[in-house]
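In: Sequence and predicted structure are below.
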Amino acid sequence: MIVKQPLTTYKQIPSDLSHVAGAPYIGVASAEGADGKQVAKQIFIFPAELRGAAEGSVLTDPPGATSHSRMTNGTIARPSHSRMTNGTVQKSGGTTLVVNYQDGSQTISVPPNVPVTVVAPQTVNFNPGDVVYATTEKRPDGTIETDKIFQFIPAPAAN
């Protein structure tokens, strides 16, 4: 991959639910609850230029986790039925979000203390093993290039 200059790097900054309803685009990592409803585990507020970030394969384990789960194309490869829903907020009621996405909408329960982060331009020092997402374009010669890289940090394990 070719990295174009100027390169813009993005990282997560702590936020709260009050910023979600007005967001241009969000991502919600969620898992199926005992009642079959989706329950938010982590909420991301994306800037418009990163629309679609983290839609592919997302490592969902917090640092130090003993299991290794990965979300790929919206679902996670384990029986918890976790997923990443990416879209725009239709309605926010404090305890639920209705998220519009390409094929419809989904209501997601939001328990107290769910981590909410704003993905914003920040200087990032990347280290081996970091999970990153790059917005890419295919050049006429077939090579891929980027000028935007997002450093993904999973939510800490729930107590």
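Out: Right, received. Where do you want to start?

In: what residue ranges in this structure score low on pLDDT?
Out: Applying pLDDT under 70 to the chain flags residues 52-94, 101-103, 156-159.

In: ok, 50 please
Out: Filtered on pLDDT under 50, the chain yields the residue ranges 56-57, 59, 67-82.

In: Starting from the top strand by length along the chain, tell me the next helix or strand along the chain.
Out: In the chain, with assignment by DSSP state E, the single longest strand is strand 2-14. Using DSSP states H and E, the helix or strand that directly follows strand 2-14 along the chain is strand 25-32.

In: Name the residues of that following strand that are buried.
Out: Buried positions in strand 25-32, judged by neighbour count with 16 or more other CB atoms under 10 Å: 25-31. To be clear about C-beta, it is placed using only N, CA and C from the backbone, and glycine gets the same treatment.

In: Sheet-wise, list the partners of that strand with their directions.
Out: Applying DSSP bridges, strand 25-32 is found paired with strand 38-46 (antiparallel), strand 83-92 (antiparallel).

In: Next one: residue 11 from residue 18, what distance?
Out: Separation of residue 11 from residue 18 (CB to CB, to the nearest Å): 21 Å.
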